[in-house]
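Engineer: below are the sequence and a predicted model for it; my questions follow.
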Protein chains: 2
Amino acid sequence: MAAITLFAEQGYQATTVSEIAERAGLTQRTFFRYFSDKREVLFSGSGELGRLWLEAVAAAPPEATPLAVVTAGFDPVAEMFIERHDFARTRAAVIEANPELKERELIKLQTLAGAIEAALIERGVSVSAAILAAQAGVTVFHVAFASWVQQNDPTAFRRLMDESLEELRSVTAG
Amino acid sequence: MAAITLFAEQGYQATTVSEIAERAGLTQRTFFRYFSDKREVLFSGSGELGRLWLEAVAAAPPEATPLAVVTAGFDPVAEMFIERHDFARTRAAVIEANPELKERELIKLQTLAGAIEAALIERGVSVSAAILAAQAGVTVFHVAFASWVQQNDPTAFRRLMDESLEELRSVTAG
């Protein structure tokens, strides 16, 4: 939390790696053993997010619909985020305040959608259904995430995903 | 078509502005009056796409559902692309071959989704419904576009959008 707290306090641009290391009680050398730069502090979680989601996709039963394959990732992903609620809330405010970080967040999310899409195609799903299902899943994740960081219950994420999927169904029917 | 043809023939990276200008019978100076760099040749259409789509969104009746507001853009957008079919087909192959251009394409599409989302919120739509409807519309556009550049009928785009929306409904129901 040292880096993210500094970003929130004094702005992302204004914060140096030297300040982050000092606040965390690390040498800069140790910082750079874990992160390639200060931006990495904000995006290092996306690797685990993608890994968990794609593992769930790979483990989905062969007869599952494309959407069921994609939403198989919702349980492990919501679970992973429970203990990261404080971090995620502060992080969301930092990202929101910085267009470059928002663009990066967007690319990470679309990269994840692309990986899920590829896994669906690998399973025999048509390209168009794979794109539509992967985008639906990632958009639902994104909307639920945005709600989750704006409320106080760390365990609410999974329920918010269901609500967001229900809202997507209602919106696309409209 | 001079630039896009060169990109397709010899690769995007290998093509210089000087070659593009020569092929098009322009001076480099004239080229730079129209485009800031060679990448702009590929993305200059996205401004008009966004303008047409957002005009249609703004003109949608007040009682229209969020999805109806978004899909109001389908008619003018499909119309705009009819005469650009050859260009779009060659362009798609150039983009597909270059990860940096694919990322750029993605950002342009997400920027458009963000603008549509903002217009929906401006109309009084909730943030979550605005994100879901805008993403649905842009994903449907994207899937239909990918099909359209892989077949021969320039006028097929509008129909492919309807088919893609139908498929999204079926996928999200699954």
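Structural biologist: Okay, I see it.

Engineer: so which bits of chain A are right by chain B?
Structural biologist: A:65-68, A:103, A:106-107, A:110, A:127-129, A:131-133, A:135-136, A:139-140, A:142-143, A:146-147, A:164-165, A:167-169, A:171-174 (CB under 8 Å from any CB of the partner chain). Using the backbone N, CA and C atoms, a C-beta is placed for each residue, glycine as well.

Engineer: the residues you listed, buried ones only, as a PyMOL selection?
Structural biologist: This is the PyMOL syntax for the buried subset of those, where burial follows 16 or more other CB atoms under 10 Å in any protein chain shown:
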select buried, chain A and resi 65+66+67+106+107+110+128+129+131+132+133+135+136+139+140+142+143+146+147+164+165+167+168+169+171+172+174
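
Engineer: next structured bit after the lengthiest helix in chain A?
Structural biologist: Determined from DSSP state H, the single longest helix within chain A is helix A:99-122. Counting by DSSP states H and E, the next helix or strand C-terminal to helix A:99-122 is helix A:127-148.

Engineer: relative to helix A:99-122, how tilted is that following helix?
Structural biologist: Between helix A:127-148 and helix A:99-122, the angle comes out at 140 degrees (axes from the mean of the first three to the mean of the last three CA atoms, to 10 degrees).

Engineer: how far off centre is helix A:127-148?
Structural biologist: Distance of helix A:127-148 from the chain centroid (CA atoms, centre = their mean, to the nearest Å) equals 11 Å.

Engineer: only alpha carbons, please: show that helix as CSV.
Structural biologist: Taking C-alpha atoms only, helix A:127-148 is exported to CSV below (Å, rounded to 0.1, in the frame of the first residue of the first chain):
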residue,chain,number,x,y,z
VAL,A,127,-14.9,-16.2,-33.8
SER,A,128,-17.9,-14.0,-33.6
ALA,A,129,-19.4,-15.8,-30.6
ALA,A,130,-16.0,-15.8,-28.9
ILE,A,131,-15.6,-12.0,-29.3
LEU,A,132,-19.1,-11.3,-28.1
ALA,A,133,-18.9,-13.6,-25.1
ALA,A,134,-15.4,-12.5,-24.1
GLN,A,135,-16.4,-8.8,-24.4
ALA,A,136,-19.6,-9.4,-22.5
GLY,A,137,-17.7,-11.1,-19.7
VAL,A,138,-15.0,-8.4,-19.4
THR,A,139,-17.5,-5.6,-19.6
VAL,A,140,-19.6,-7.2,-16.9
PHE,A,141,-16.4,-7.5,-14.8
HIS,A,142,-15.5,-3.9,-15.5
VAL,A,143,-19.0,-2.5,-14.5
ALA,A,144,-19.1,-4.7,-11.3
PHE,A,145,-15.6,-3.7,-10.4
ALA,A,146,-16.5,0.0,-10.7
SER,A,147,-19.5,-0.5,-8.4
TRP,A,148,-17.5,-2.7,-6.0
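
Engineer: which strands or helices does that helix pack on?
Structural biologist: Applying 3 or more CB pairs under 8 Å, 6 or more residues apart in numbering or on different chains; DSSP states H and E, one finds that helix A:127-148 contacts helix A:66-71, helix A:74-82, helix A:85-96, helix A:99-122, helix A:157-173, helix B:127-148, helix B:157-173.

Engineer: which strands and helices sit next to the longest helix of chain A?
Structural biologist: Judged by 3+ CB pairs under 8 Å, 6+ apart, helix A:99-122 is in contact with helix A:38-43, helix A:45-59, helix A:66-71, helix A:85-96, helix A:127-148, helix B:99-122.

Engineer: I would like the residues contacting that helix, please.
Structural biologist: For helix A:99-122, the external contacting residues (CB atoms under 8 Å, 6 or more residues apart in numbering or on different chains) are A:12, A:39, A:42-43, A:46, A:49-50, A:53-54, A:57-58, A:66, A:69-70, A:73, A:94-96, A:127, A:129-131, A:133-135, A:137-138, A:141-142, B:103, B:106-107, B:110.

Engineer: next, the angle from it to helix A:45-59.
Structural biologist: Relative orientation of helix A:99-122 and helix A:45-59, computed by the same axes, to 10 degrees: 10 degrees.

Engineer: in helix A:99-122, what counts as buried?
Structural biologist: Judged by neighbour count using 16+ other CB under 10 Å, the buried positions of helix A:99-122 are A:101, A:104-110, A:112-117, A:119-120.
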